[in-house]
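Visitor: What follows is a predicted structure for the sequence shown.
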Amino acid sequence: MAGAEASGGDIFIEVKGGRMISVSQDVFRLAEVFTISRGSRSEARVLTVRVSRDGVEGRGECVPYARYGETLDSVAAQIGALPDEITRGALQEALPAGAARNAVDCALWDLEAKRAGRRIWEMAGLAVPGPVVTAFTLSLDTPERMRAAAARHAHRPILKIKLGTPDDMARLEAVRAGAPAARIIVDANEGWTAGIYEDLAPHLVRLGVAMVEQPLPAGADEMLAEIARPLPVCADESCHDRASLAALAGKYDMVNVKLDKAGGLTEALALRDLARTEGYGVMVGCMVGSSLAMAPAVLVAQGAEIVDLDGPLLLAEDRDHPLHYDAEGVHPPEAALWG
């Protein structure tokens, strides 16, 4: 249901020179417990940034990620330390790639669009966006339960499976049995070794897996350049922004562009375009957040080989004016939501 966001209260508010930046924590219940190899959750905790100027407000959302040393408090503190009247250009230098810069960057884009009375794609020189087909992620569970979940979602064109455990093959076989016609992508969440990947790769191909995401730990993935890659391998934890691309050569075939990693729409668009220029396929992914977090990612996802923007589909509640999902995929946001 829309409009059910629960605020955890303002973490930081600053008012200077007619401009206000506020950060609040919002909590969204998940439709069911969501599990990956790193743990389980029953709710999504996000930070919402609001930037106001001359009576107009822009919004952005981020999901701090412990894998990158981020917490709700640390990210709020980064935002709170920003100078007054920060611009999008200055923001790129003021904060590193990450969740804090993402939320502020997206809020500034939203503010600019609302003040100009134009849509963001017009201001960014992008083509008018359309709906994009998105993957739907199945929570990690027993093979029997994952087969049942796959059967319930067999109508979806792409299913994503979170792996990275000793029972991966049993789970993968179960999902394929439950959804024989679906396109399957897998995310190992850095959980395999080169030997495990070599053993599993022929079975991934046999079961029609279209892509494997981050099979080896970031920083310990050199062997991907030495072993066969019979299906596309996508960099997730190994790719954050454009500066990451140089280290991926020969190891990866695709990159997963996420706004919370890249540090906002500005860098995500630049990363997408440079990755394509350098010959990588593009995936656009997300953390588990609300429609406000997904909205700018829909713009980045235009033309991507794989889109994984299912965050709102995992929620029991969402923002007002949520993104629309149907058989065509996820549609661009209404101006009332973002952009």
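Guide: Structure's in. What do you need? Numbers count the residues shown, from 1 in each chain.
Visitor: pull the longest strand from this protein.
Guide: strand 19-36 (DSSP state E).
Visitor: Model confidence at residue 265, what's the number?
Guide: If you check residue 265, the pLDDT there is 98.
Visitor: ok, now residue 241?
Guide: Note for residue 241: predicted pLDDT of 98.
Visitor: what's near enough to touch it?
Guide: 97, 261, 262, 263, 267, 271 (Cβ atoms under 8 Å, 6 or more residues apart in numbering). Just so you know, the C-beta spots here come from the backbone N, C-alpha and C atoms, and that holds for glycine as well.
Visitor: So residue 271 is in contact with residue 258, correct?
Guide: No. Residue 271 is beyond contact range of residue 258, at 9.7 Å (criterion: Cβ atoms under 8 Å).
Visitor: got any residues that touch both of those two?
Guide: With Cβ under 8 Å, 6+ apart, residue 271 and residue 258 have no common neighbours.
Visitor: Would you map the helices across this protein?
Guide: Remark: helices assigned in the chain by DSSP state H are 72-80, 88-94, 99-116, 120-123, 143-152, 168-178, 194-206, 259-262, 265-277, 291-300.
Visitor: Residue 137: which of those helices is closest?
Guide: For residue 137, the closest of those is helix 143-152, at 10.2 Å, according to Cβ to Cβ.
Visitor: What is the closest one packed up against?
Guide: strand 136-138, helix 168-178 (3 or more Cβ pairs under 8 Å, 6 or more residues apart in numbering; DSSP states H and E).
Visitor: Show me what counts as buried in stretch 66-73.
Guide: Using 16 or more other Cβ atoms under 10 Å as the test for burial, stretch 66-73 gives 70, 72.
Visitor: got it, and stretch 47-62?
Guide: 47, 48, 49, 50, 51, 52, 53, 58, 59, 60, 61, 62.
Visitor: how about the residue lying closest to residue 28 once chain neighbours are set aside, what does it touch?
Guide: Of all residues not flanking residue 28 in the chain, residue 44 sits nearest, at 4.6 Å (Cβ to Cβ, 6 or more residues apart in numbering). Contact partners of residue 44, counting by Cβ under 8 Å, 6+ apart, are 27, 28, 30, 63, 288, 289, 290, 311, 314, 315.
Visitor: ok, now residue 35?
Guide: 41, 139, 140, 141, 162.
Visitor: how about a markdown table for those, with neighbour count added?
Guide: Shown next, in a markdown table, are these (neighbours: other Cβ atoms under 10 Å):
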| residue | neighbour count |
| --- | --- |
| 41 | 15 |
| 139 | 18 |
| 140 | 23 |
| 141 | 16 |
| 162 | 24 |
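Visitor: ok so, going back, least confident of the buried residues of stretch 47-62?
Guide: The minimum pLDDT among the buried residues of stretch 47-62 falls on residue 53, with 88.
Visitor: Strands - which of the contacts of residue 44 land there?
Guide: Filtering the contacts of residue 44 for strands - DSSP E - leaves 27, 28, 30.
Visitor: of those residues, closest to residue 322?
Guide: residue 28 (10.8 Å).
Visitor: can you give me the offset of the longest strand of the chain from its chain's centre?
Guide: Centroid displacement of strand 19-36 relative to its chain, using Cα atoms, centre = their mean, to the nearest Å, is 14 Å.
Visitor: Show me the shaky parts of the chain.
Guide: Scanning the chain for pLDDT under 70 picks out 1-19, 36-39.
Visitor: wait, what's in contact with the spatially most central residue of it?
Guide: The residue lying closest to the centre of the chain (Cα atoms, centre = their mean) is residue 286, at 1.2 Å. Residue 286 makes contact with 258, 259, 260, 293, 294, 297, 308, 309, 310, 311, according to Cβ under 8 Å, 6+ apart.
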